[in-house]
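1. Below is the sequence, then the predicted model.
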2 protein chains.
Amino acid sequence: MNKPMLQVALDTDTTAQALTVARKVADVVDVVEAGTLLIYQEGMSAVSDLRAIAPDKIILADAKVADAGGHVGKVATNAGADWMTCINAATVQTMAQAQNEIEVQVELYEGWDDKKRAQAWLDNDIDQVVYHQSRDAKAAGQVWGEKDLASVKSLIDMGFKVSVTGGVEPEILKLFKGVPVYTFIAGRAIHGADDPHAAALEFKKEIDRIWS
Amino acid sequence: MNKPMLQVALDTDTTAQALTVARKVADVVDVVEAGTLLIYQEGMSAVSDLRAIAPDKIILADAKVADAGGHVGKVATNAGADWMTCINAATVQTMAQAQNEIEVQVELYEGWDDKKRAQAWLDNDIDQVVYHQSRDAKAAGQVWGEKDLASVKSLIDMGFKVSVTGGVEPEILKLFKGVPVYTFIAGRAIHGADDPHAAALEFKKEIDRIWS
């Protein structure tokens, strides 16, 4: 079983804040994400700047694209991104056009639970999804549990590479023991830590322990 | 019956391009939209800059927010926006937290057609929706028709203020005769025109003719 990768989600307000964290954790993580909130604030220059300081890492533009997939895919590629997210509410055409320009991940928010649509993504060579607990739903008390695990497994069984995000802490990783999660995405657990480098290492150690 | 408003969607690559168009049409339109594609490229400064040159118009930040609604709502308000979009795939919590900060419009992409969820939006004081034909679906040959009209009417009957967008041209307005559409949103039909001011006036004239 491949070991899950570790992704840091940089949902900071400014590019400078994101660069500060990226500089500290780039040697530990596999994927550096320009978060949606950062792109809203700073635009695609945040992606180029992260690319510049993490030249050998996968860079993800978490744009959650709903439309004009080809156009935004091209823009993200030009900015130096390797991957880009589309929202599950985008049409299959939008995702397919994005996939022509860049590696697409589909972010699974409300209303994604339709196997027929998910199969259409696979049929269009889109095989990455991000299983998600919404930040706001987490704040309202949702916790990770068996239901999430079953959803992740069923997506993997369909043939998806599944990344997992939304309040991911080192303690929740063991819930996924034996499951070939593609990437664990940690945001505030890393960039909000007093020592982001140590926090990233803690994730890596836990991944090594559980998936060795 | 109130007359529909006219909104220009500025999905340009640069803020300068958006300002060039906004300057020409600000005296005609009711709502100036910083498009998703523009926000992806330039960040929220595009919103502030449009606010600066259209101080007496409604400014919409078309961020299509999927998560962290309260945070992004605050950021958009601080940038000078009056309205902000959320994507239909956002949780109701996300939308409600956004609505605490700014007037929210829900953008209806794939999977929105669930009256129970739409009713939950109304129950959370979110009464604006944007009925949409995706840019990519349009490119694949979708056209405006009776099915769209029926959907728009049923949303109005539920109690929503419904804006209409996606390849809107002056010719399609008459399809909605007798229907109290809240806003018609035109993008490339205005900003892609040789004379954006004349193009905006043509929309206004057609609205005046049909809803007088």
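-> Yep, it's here.
2. Nearest the middle, which residue of chain A would you pick?
-> In chain A, the residue lying closest to the centroid (C-alpha atoms, centre = their mean) is A:Ile185, at 5.5 Å.
3. Need phi/psi at A:Glu33.
-> phi -110, psi 120 (degrees, to the nearest 10).
4. so it touches A:Leu10, yeah?
-> Yes - under the criterion of C-beta atoms under 8 Å, A:Glu33 makes contact with A:Leu10 at 6.0 Å. Any C-beta I mention is one placed from the backbone N, CA and C, and that applies to glycine too.
5. can you pull out the strands in chain A?
-> Applying DSSP state E to chain A gives strands spanning A:5-10, A:31-34, A:58-65, A:83-87, A:103-108, A:128-132, A:161-165, A:183-186.
6. Format the ones you listed as JSON lines; extra columns: mean pLDDT.
-> Converted to JSON lines, the strands of chain A look like this (pLDDT from 0 to 100):
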{"stretch": "strand A:5-10", "mean pLDDT": "98"}
{"stretch": "strand A:31-34", "mean pLDDT": "98"}
{"stretch": "strand A:58-65", "mean pLDDT": "98"}
{"stretch": "strand A:83-87", "mean pLDDT": "98"}
{"stretch": "strand A:103-108", "mean pLDDT": "98"}
{"stretch": "strand A:128-132", "mean pLDDT": "95"}
{"stretch": "strand A:161-165", "mean pLDDT": "97"}
{"stretch": "strand A:183-186", "mean pLDDT": "98"}
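7. Turn those into CSV, including distance to B:Tyr131.
-> Shown next, in CSV, are these (distance: least, C-beta to C-beta, whole Å):
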stretch, distance to B:Tyr131
strand A:5-10, 32
strand A:31-34, 31
strand A:58-65, 20
strand A:83-87, 17
strand A:103-108, 23
strand A:128-132, 26
strand A:161-165, 30
strand A:183-186, 33
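8. Distance to chain B added to the ones you listed, as JSON lines?
-> Formatted as JSON lines, the strands of chain A follow (distance: least, C-beta to the nearest C-beta, whole Å):
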{"stretch": "strand A:5-10", "distance to chain B": "11"}
{"stretch": "strand A:31-34", "distance to chain B": "11"}
{"stretch": "strand A:58-65", "distance to chain B": "5"}
{"stretch": "strand A:83-87", "distance to chain B": "5"}
{"stretch": "strand A:103-108", "distance to chain B": "7"}
{"stretch": "strand A:128-132", "distance to chain B": "8"}
{"stretch": "strand A:161-165", "distance to chain B": "10"}
{"stretch": "strand A:183-186", "distance to chain B": "13"}
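9. out of A:Glu33 and A:Leu10, which sits in the more crowded spot?
-> Neighbours per residue (other C-beta atoms under 10 Å in any protein chain shown) separate A:Glu33 from A:Leu10, with A:Glu33 holding more: 29 against 26.
10. need the contact list for that one.
-> Listed by C-beta atoms under 8 Å, 6 or more residues apart in numbering or on different chains, the contact set of A:Glu33 reads A:Gln7, A:Val8, A:Ala9, A:Leu10, A:Ile59, A:Leu60, A:Asp62, A:Ile185.
11. Check A:Phe160 too.
-> A:Ala118, A:Leu122, A:Asp127, A:Gln128, A:Val129.
12. before we move on, what about A:Lys204?
-> A:Leu6, A:Val28.
13. separation between A:Asp27 and A:Ala118?
-> 35 Å (C-beta to C-beta, to the nearest Å).
14. A:Asp148 too?
-> If you go by C-beta to C-beta, the gap between A:Asp148 and A:Ala118 works out to 16 Å.
15. can you check A:Ile172 too?
-> To A:Ala118, A:Ile172 is 24 Å away according to C-beta to C-beta.
16. mind listing what's buried in the top helix by length along chain A?
-> When chain A is scanned for its longest helix (criterion: DSSP state H), the result is helix A:196-210. For helix A:196-210, the neighbour count (16 or more other C-beta atoms under 10 Å in any protein chain shown) marks A:Pro196, A:His197, A:Ala199, A:Ala200, A:Leu201, A:Glu202, A:Phe203, A:Lys204, A:Glu206, A:Ile207, A:Ile210 as buried.
17. Output the below-cut-off pLDDT ranges for chain A.
-> Where chain A drops to pLDDT under 70, the residues are A:134-138.
18. Please tell me I have it right and A:Pro170 contacts A:Ala198.
-> No - with contacts counted by C-beta under 8 Å, A:Pro170 stays clear of A:Ala198, the gap being 11.2 Å.
19. dump the residue contacts of A:Ala118.
-> By C-beta under 8 Å, 6+ apart, A:Ala118 lies in contact with A:Trp112, A:Val129, A:Leu155, A:Met158, A:Phe160.
20. Pull out the buried residues from the contacts of A:Phe160.
-> A:Ala118, A:Asp127, A:Gln128, A:Val129.
21. which residues of chain A fall in helices?
-> Assigned by DSSP H, chain A shows helices spanning A:15-25, A:36-42, A:45-53, A:69-78, A:92-99, A:115-123, A:135-139, A:146-158, A:188-191, A:196-210.
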